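Peer 1: here are the coordinates; sequence isn't available:
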């Protein structure tokens, strides 16, 4: 089992971040934290986390688009979804990104706690701050 944490980067109106030619302002970007074991997986290092899909993945098993690339077009980053399974006290992710398979397992309690921490932080943001990606295809 591995651990993970999220990094939530909040950009104010006067701040600007350009990724792959896309400009971001007045937004929050959720990514896997660099001090997380999950960040050792190359395909996850630059992926954006889709908050609503992540939240849903803690409640039910199924396929969720937890990751996408900065444009929000999952196919451009090789993403098609993460199969999430809850077994006993564990949560498992299985997916393929481009030609790489990712299979990881988490302690379910810690998984839900980290998602709840992210939800609390995002819920305190002012309404003018959008959580990226705002459009997902």
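Peer 2: Received, thanks. Computed from a predicted structure; not experimentally measured.
Peer 1: alpha carbons only for contacts and neighbour counts from here, please
Peer 2: Noted.
Peer 1: ok, what's across the strand from the residue nearest the centre of the chain?
Peer 2: Residue closest to the average C-alpha location in the chain (Cα atoms, centre = their mean): residue 49, at 2.0 Å. Beta-bridge partners recorded for residue 49 (DSSP bridges): residue 67.
Peer 1: what lines up beside the helix or strand containing residue 84 in the sheet?
Peer 2: Assigned by DSSP states H and E, residue 84 belongs to strand 82-87. Paired neighbours of strand 82-87 in the sheet (DSSP bridges): strand 62-64 (antiparallel), strand 90-97 (antiparallel).
Peer 1: average model confidence for the last one?
Peer 2: The one in question is strand 90-97. What strand 90-97 shows for mean pLDDT is 93.
Peer 1: And the contacts of the helix or strand following it?
Peer 2: Toward the C-terminus, strand 90-97 is succeeded by strand 100-107 as the next helix or strand (DSSP H and E). Outside strand 100-107, the residues within contact range by Cα atoms under 8 Å, 6 or more residues apart in numbering are 1, 2, 3, 89, 90, 91, 92, 93, 94, 95, 96.
Peer 1: In a markdown table, list those residues along with neighbour count and distance to residue 25.
Peer 2: Converted to a markdown table, the contacts of strand 100-107 look like this (neighbours: other Cα atoms under 10 Å; distance: Cα to Cα, whole Å):
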| residue | neighbour count | distance to residue 25 |
| --- | --- | --- |
| 1 | 10 | 36 |
| 2 | 10 | 33 |
| 3 | 16 | 30 |
| 89 | 10 | 39 |
| 90 | 15 | 37 |
| 91 | 22 | 34 |
| 92 | 18 | 34 |
| 93 | 20 | 31 |
| 94 | 15 | 32 |
| 95 | 18 | 30 |
| 96 | 16 | 31 |
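Peer 1: nearest to residue 10, of these?
Peer 2: residue 3 (23.1 Å; Cα to Cα).
Peer 1: ranges for the helices of this protein?
Peer 2: Along the chain, counting by DSSP state H, helices occupy 51-57, 108-123.
Peer 1: got CSV for the ones you listed, with mean neighbour count and mean pLDDT too?
Peer 2: CSV is the format used below for the helices of the chain (neighbours: other Cα atoms under 10 Å; pLDDT from 0 to 100):
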stretch, mean neighbour count, mean pLDDT
helix 51-57, 18, 94
helix 108-123, 15, 94
